[in-house]
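J.: Prediction below, plus the sequence it came from.
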Amino acid sequence: MKRRSFLNVAGLLAVALAAGTPTYAQKASIPARVGVIPVIGTAPLFVAQNEGWLKDGGLELSVTTFESGPNMIQALASGTIDIYVAGVAPLAVARSKGIDVRVVAATATAENVFVASPKLAQYFTPGTSHAAAFKAYRAAEGKPARLATQPAGSVPNTTLQYWLWEQAKADKADVEIVPMGIDATQQAVLAGAVEGATIREPAVTIVTGRNPGIKLVALGDEMFPGQPGTVVAVSGAFLEKNPAAVQALVTGLVKSADLLAKTPDKAVPPIEAALGKGIVDSATIRQALASPATKFLIDPRAIVEPARAMQAYQVKLGSLDKELPFEGLFDTRFFEQASKTN
């Protein structure tokens, strides 16, 4: 009887294993709902997913695309997403409203650049200051240049205003800022519905490729020194419940940055699949990866002070009532551990 019982148990165990029933030797799958902005700065996430580094850490991602960081905050607040991959600017505001979110990694910096349509670009000539170019456009056209960017409170919007008023010293009568979504901005530039815009890759490569008259006027660090870009932030509830999964996520991002630096061609297929949607081809993705507007960086410590400076400027603009504390917003221990491992 004992032998028969043993054989029955062994048989049941074999069936369970064949059916894929988890055992103590297997790592349980952890579903993670991710919100992303469709820009090249999110590439490290998709590379890590494609290489299997996230799955090896137990993470199973489901990805939703958003038009801007402020829009994604609503999803974070409602518990619709667990992981936020977008600009850093809205996150301190989110924490001030009781949303527990922690930045565990960056992915890119200096992403937002300024491009001018052919109509405006002709005024940006060698030796002409940016302020003078805008003034010349208004004098010739009888109206201010319309510049597209994302909503107030976003990194693109703040970056554009800092560049206009603090760097270029443009006259506010010479420009009109028009907030709109990412896709709408790209289309507006191509259609000539606006005279300029802050955009990110792959949009920079797309618009300048389709219309060579569109001119790249200012790069990211010129617009806002140390411009903080895309970050990876995790809800407090997800982080507390799944610290090992968050570590796997950050470690995967560190590996991805290395792959993007050394073998960028290998990263093209997963980026095209995630961002292209049959519209952006491999050649465009490859060119966007080599663009001066693309700078991958995973270390969250590098953007703390620039993010603090950006928040201070948002207060000056009036998009924030007051500076908000950064304590607890950045959780750097996962990057530090990943750096040791790699």
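T.: Thanks, I have the structure now.

J.: same question for the strand or helix carrying Lys340, mean pLDDT?
T.: Using DSSP states H and E, Lys340 sits within helix 333-341. Taken as a whole, helix 333-341 carries a mean pLDDT of 93.

J.: and what of stretch 297-311?
T.: When pLDDT is averaged along stretch 297-311, the result is 95.

J.: Any idea how far apart the tips of it sit?
T.: 20 Å (C-alpha to C-alpha, to the nearest Å).

J.: And the pLDDT for Ile37?
T.: On pLDDT, Ile37 comes in at 88.

J.: Sorry, slip of the keys, the one I care about is Thr42.
T.: The model reports Thr42 with a pLDDT of 95.

J.: what does Gln74 give?
T.: pLDDT, Gln74: 87.

J.: cool, the one 10 residues further on as well?
T.: In the prediction, the pLDDT value recorded for Tyr84 is 96.

J.: Give me the neighbour count for the residue nearest to it when sequence neighbours are not counted.
T.: Closest residue to Tyr84 apart from its sequence neighbours, by C-beta to C-beta, 6 or more residues apart in numbering: Ala233 at 4.3 Å. Bear in mind the C-beta positions are built from the backbone N, C-alpha and C, glycine included. The number of residues packed near Ala233 is 27, by other C-beta atoms under 10 Å.

J.: swap in Ser282?
T.: Ser282 has 13 neighbours, counted by other C-beta under 10 Å.

J.: on that earlier part again, looking at this, the residue nearest to Tyr84 is in a strand?
T.: Yes - looking at Ala233 with DSSP: H, G, I helix; E, B strand; the rest coil, it is inside a strand.

J.: Tell me which other helices or strands the helix or strand that contains Ala288 touches.
T.: Using DSSP H and E, Ala288 maps to helix 282-289. Packing partners of helix 282-289 (3 or more C-beta pairs under 8 Å, 6 or more residues apart in numbering; DSSP states H and E): helix 203-210, helix 264-271.

J.: any chance of those in TSV, plus distance to Pro306?
T.: As requested, the helices and strands packed on helix 282-289 are exported to TSV (distance: least, C-beta to C-beta, whole Å):
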stretch	distance to Pro306
helix 203-210	21
helix 264-271	25
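
J.: Let me have these in a markdown table, adding mean pLDDT as columns.
T.: Shown next, in a markdown table, are those (pLDDT from 0 to 100):
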| stretch | mean pLDDT |
| --- | --- |
| helix 203-210 | 95 |
| helix 264-271 | 95 |
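
J.: Buried ones in the helix holding Lys340, by neighbour count?
T.: Under the neighbour-count criterion of 16 or more other C-beta atoms under 10 Å, helix 333-341 has Phe334, Phe335, Ala338 buried.

J.: elements contacting that helix?
T.: Judged by 3+ C-beta pairs under 8 Å, 6+ apart, the packing partners of helix 333-341 are strand 101-106, helix 243-262.

J.: so which of the ones you listed comes closest to Ser319?
T.: Closest approach to Ser319 among those is made by strand 101-106 (18.8 Å; C-beta to C-beta).

J.: where's the very next helix or strand once past the closest one relative to the chain centroid, distance-wise?
T.: Using DSSP H and E, the helix or strand that follows strand 101-106 in sequence is strand 113-116. How far strand 113-116 lies from its chain's middle: 18 Å, per C-alpha atoms, centre = their mean, to the nearest Å.

J.: Give me the sheet partners of strand 113-116 and which way each runs.
T.: Applying DSSP bridges, strand 113-116 is found paired with strand 196-199 (antiparallel), strand 215-218 (antiparallel).

J.: Tabulate those (CSV), appending mean neighbour count.
T.: As requested, those are exported to CSV (neighbours: other C-beta atoms under 10 Å):
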stretch, mean neighbour count
strand 196-199, 28
strand 215-218, 19
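
J.: Quickly list what Val113 is bridged to.
T.: Beta-bridge partners, per DSSP bridges, of Val113: Ile199.

J.: List the residues that contact it.
T.: Thr198, Ile199, Arg200, Val204, Leu216, Val217, Ala218, Leu219, Gly220, Met223, Ala293 (C-beta atoms under 8 Å, 6 or more residues apart in numbering).
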